[in-house]
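*Asks:* give the three-dimensional model of this entry:
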Amino acid sequence: MAICFQSQLNPKTSFQSSPKFIIPKTPFSLFQSTNNNNNLKCRLSLSSTTLTTTEPEAVYSSVKSFAPATVANLGPGFDFLGAAVDGLGDFVSLRVDPSVHPGEISISEITGTSVKLTTNPIFNCAGIAAISVMKMLGIRSVGLSMALHKGLPLGSGLGSSAASAAAAAVAVNELFGGKLSLRDLVLAGLESEAKVSGYHADNIAPAIMGGFILIGNYEPLELKRLMFPDNKELFFVLASPEFEAPTKKMRAALPLEIGMPHHVWNCSQAGALVAAILEGDVESLGKALSNDKIVEPKRAPLIPGMEGVKKAAIEAGAYGCTISGAGPTAVAVTDNKEKGREIGERMVQAFQNDGNLKAVAVVKELDRVGARLVSGVPR
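*Replies:* Below you'll find the predicted structure:
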């Protein structure tokens, strides 16, 4: 059935801005730490998540949560690197509802999109993540009702399904007092992603944790936050065309085998990308982001105008440009917001001239927080 996954992007869509205030989330100490609090290793696999022994009571009668957009892959980091983007994302409103059968959740409405999405929680990305968290918490005595507001266009390459899943997971957890760790929330979101767009955490992990995230392993899941320096400026220029790039189609275009030279090259560029993030070197970050020789060369021809868009972005002063996730959004990086606006204009123009596609562009910063509680009404 159709779920929060792949549809044609409408460039007239108004992106929903993220809230300006932040409520602290579950501390990183709930993860197994190897060397420091930025190195997170999930001790359990998705199928063996710890369940709470005692059902927690709801501390809120209703909550509202937010989760940001994400840029996955970042060029050479296919399926193991991702970043959260400030100012764009999805909202979930959740409440205890006596009319819903205890231990179950219903989706009352979905707004913010003209695409009809299923409200059956078993087949909806937000519903799947919410159910997973309810199982982890052992919720049996109350029913819940959820409303999802899509601030992100579907099928845009900005982690739309992950944002919905992350917001839902955080909402359920916070409603019951924030008992679960970030590890558990990522696993709940990953369960949703596995059913919706594939078993990959490069959207859901940064959507929940914020910042740049490196997935070191999937079984067991190992996550490492890459700390971009606070005193450095980084701006993502996101140009989204009116074009559908289904994830399944874009994945089917990838080679099953690669040669050793391309393997070595992409490994070196991924390493350079990680080093640039940690050093706050945006110029080197952009250079590495632009140098994927495995995935982008296969996907770019499937997005009309993408090669011209990348060329236009770099000529306009971007340090680098690539495809965001599976596309069709193109992402460029710069350290100057005004320059970012100029780059965005050139990218939109290139989509029109080279691909005959209408597009919109926005300039956004790194979201360092991830999914969070926006408001809550105590019981």
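*Asks:* would residue 350 count as being in a helix?
*Replies:* Yes. Under DSSP: H, G, I helix; E, B strand; the rest coil, residue 350 sits within a helix.
*Asks:* now do the phi/psi pair for residue 238.
*Replies:* Phi and psi for residue 238, reported as degrees, to the nearest 10, are phi -110, psi 110.
*Asks:* from residue 358, how far off is it?
*Replies:* Note on residue 238: its distance to residue 358, by C-beta to C-beta, to the nearest Å, is 15 Å. Where C-beta positions appear, they are placed from N, C-alpha and C, glycine not excepted.
*Asks:* residue 287 now?
*Replies:* Distance from residue 287 to residue 358, by C-beta to C-beta: 30 Å.
*Asks:* which of residue 238 and residue 358 has more residues huddled nearby?
*Replies:* residue 238 (27 against 16; other C-beta atoms under 10 Å).
*Asks:* so what's the more buried one up against?
*Replies:* Listed by C-beta atoms under 8 Å, 6 or more residues apart in numbering, the contact partners of residue 238 are 71, 85, 158, 324, 329-331, 344, 361-364.
*Asks:* one more: residue 126?
*Replies:* Neighbour list for residue 126: 4, 90, 92, 107, 146, 148, 164-165, 167-168, 192 [criterion: C-beta under 8 Å, 6+ apart].
*Asks:* run the last query once more with 6 Å
*Replies:* 148, 164-165, 168 (C-beta atoms under 6 Å, 6 or more residues apart in numbering).
*Asks:* go on, residue 158?
*Replies:* Contacts of residue 158 by C-beta under 6 Å, 6+ apart are 69, 152, 329.
*Asks:* surely the last one is in contact with residue 160?
*Replies:* It stands for residue 329. No. Taking contacts as C-beta atoms under 6 Å, residue 329 lies outside contact range of residue 160: 10.5 Å.
*Asks:* farthest-apart pair in the contacts of residue 126, please.
*Replies:* Of all pairs drawn from the contacts of residue 126, the greatest distance, 10.3 Å, lies between 148 and 165 (C-beta to C-beta).
*Asks:* among those two, which residue is more densely surrounded?
*Replies:* residue 165 (38 against 29).
*Asks:* can I assume that one sits in a helix?
*Replies:* Yes. Under three-state DSSP, residue 165 sits within a helix.
*Asks:* from residue 132, how far off is it?
*Replies:* From residue 165 to residue 132 the distance is 9 Å (C-beta to C-beta).
*Asks:* got it, and residue 209?
*Replies:* For residue 209, the distance to residue 132 - C-beta to C-beta - is 17 Å.
*Asks:* which one of the two has more residues nearby?
*Replies:* Shown here are residue 209 and residue 132; by other C-beta under 10 Å, residue 209 has more neighbours (27 against 24).
*Asks:* which residue, other than its chain neighbours, is closest to the more buried one?
*Replies:* In this structure, residue 209 finds its nearest non-sequential neighbour in residue 370, 4.7 Å apart by C-beta to C-beta, 6 or more residues apart in numbering.
*Asks:* for stretch 277-295, buried residues please.
*Replies:* For stretch 277-295, burial by neighbour count (16 or more other C-beta atoms under 10 Å) applies to 277, 280-282, 284-295.
*Asks:* ugh, typo on my part, it should be stretch 330-346
*Replies:* 330-335, 339-344, 346.
*Asks:* in strands, which of those residues fall?
*Replies:* 330-334 (DSSP state E).
*Asks:* Throw these into CSV and include distance to residue 243, thanks.
*Replies:* As requested, these are exported to CSV (distance: C-beta to C-beta, whole Å):
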residue, distance to residue 243
330, 11
331, 15
332, 18
333, 22
334, 24
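*Asks:* so, low pLDDT: which residues of the chain?
*Replies:* Residues of the chain that meet the criterion pLDDT under 70 lie in 1-53.
*Asks:* got the residue ranges for the strands in the stretch 251-379 of the chain?
*Replies:* 320-323, 330-334, 359-365, 372-378 (DSSP state E, counting those that start in this stretch).
*Asks:* show residues contacting the third one.
*Replies:* Spelled out, it's strand 359-365. Taking C-beta under 6 Å, 6+ apart as the rule, strand 359-365 contacts 11, 85-87, 235-241, 337, 340-341, 344, 347-348, 351.
*Asks:* tell me which residues of it are tucked away?
*Replies:* 359-364.
*Asks:* could you check which helix or strand contains residue 70?
*Replies:* strand 60-72 (DSSP states H and E).
*Asks:* state the distance from residue 326 to residue 222.
*Replies:* 23 Å.
*Asks:* more neighbours, those two?
*Replies:* Taking other C-beta under 10 Å, residue 326 and residue 222 do not tie; residue 326 has more neighbours (26 against 19).
*Asks:* pretty sure the more buried one contacts residue 247?
*Replies:* Yes. Between residue 326 and residue 247 a contact is recorded at 4.5 Å, counting by C-beta under 6 Å.
*Asks:* more neighbours: which of residue 329 and residue 160?
*Replies:* Between residue 329 and residue 160, counted using other C-beta under 10 Å, the more crowded position is residue 160 (31 against 27).
*Asks:* if I look at the more buried one, how far off is residue 100?
*Replies:* With C-beta to C-beta as the criterion, residue 160 and residue 100 are 26 Å apart.
*Asks:* for residue 208, same thing?
*Replies:* Residue 208 is 25 Å from residue 100, by C-beta to C-beta.
*Asks:* neighbour-wise, which of those two wins?
*Replies:* Comparing residue 208 with residue 100 by other C-beta under 10 Å, the one with more neighbours is residue 208, at 35 against 17.
*Asks:* that one sits in which helix or strand?
*Replies:* Assessed by DSSP H and E, residue 208 sits inside helix 204-209.
*Asks:* for that helix, C-alpha coordinates in CSV please.
*Replies:* The C-alpha trace of helix 204-209 is given here as CSV (Å, rounded to 0.1, in the frame of the first residue of the first chain):
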residue,chain,number,x,y,z
ILE,A,204,16.7,8.2,10.3
ALA,A,205,19.8,8.4,12.4
PRO,A,206,20.6,12.1,11.7
ALA,A,207,16.8,12.9,11.8
ILE,A,208,16.7,11.6,15.4
MET,A,209,20.2,12.6,16.6
